[in-house]
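Q: attaching a predicted model along with its sequence, questions to come.
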Amino acid sequence: MNEFQRDLLFLLHDVARLLRVDADKRARQHNMTRAQWGILIWLQRQPGISQKELAELLEVEPITVARLIDRLEARGMVERRPDPRDRRIWRLHLLPPARAMLDEIFDMRSDLTRILTNGVDAESLHTMTEALLRMKANLTQEAHAARRGAEIAEAAAGGAA
């Protein structure tokens, strides 16, 4: 293997791309999208989350989430309920048909994990998981630091005016 093929950033990108392609294909078999699957998974993990909170988690615009929820609602998988304290907020909840789809998603994720980790021993998987968690924490910390720096600079520029 040449150095290009062993480049960490390219490898991370390629593995993530291949995972997305496979997940897209599997979702299409159920007349769904990977984004819809992601929403179902998040709603299972955080029932009652608002559309705005979900958009922030998915790093998409709220209108994108609203459209995806419209489609899931039309399929009887998700329901919007008004927030008891703020009538402007819709809380999202799974309905029974979503639970059956989540079982399918879980099975497909298990299958994909089996394919992905074939030939990789448990110790290597543990080491790799810990390394990826560290990388994610590093990038998250860096992003927060950059955001704080930008906010400080903006406040200083506003104060100088």
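A: Structure's in. What do you need?

Q: look through this protein and tell me its longest helix.
A: Longest helix in the chain by number of residues (criterion: DSSP state H): helix 122-160.

Q: where does the chain dip in pLDDT?
A: 1, 159-161 (pLDDT under 70).

Q: contact partners for the spatially most central residue of it?
A: With distances taken as CA atoms, centre = their mean, residue 58 lies nearest the centre of the chain, 5.2 Å away. Listed by CB atoms under 8 Å, 6 or more residues apart in numbering, the contact set of residue 58 reads 35, 38, 39, 42, 64, 65. The C-beta positions use only the backbone N, C-alpha and C, and glycine is treated the same way.

Q: repeat that for 6 Å
A: Contacts for residue 58 (CB atoms under 6 Å, 6 or more residues apart in numbering) come out as none.

Q: check residue 134 too.
A: So residue 134 contacts nothing (CB under 6 Å, 6+ apart).

Q: backbone phi and psi for residue 48, please?
A: Here is the backbone geometry of residue 48 (degrees, to the nearest 10): phi 80, psi 10.

Q: in this structure it contacts residue 89, no?
A: No: in this structure residue 48 lies outside contact range of residue 89 using CB atoms under 6 Å: 10.4 Å.

Q: the more surrounded of the two?
A: Between residue 48 and residue 89, counted using other CB atoms under 10 Å, the more crowded position is residue 89 (15 against 12).

Q: list the contacts of that one.
A: Contacts of residue 89 by CB under 6 Å, 6+ apart are 50, 83.
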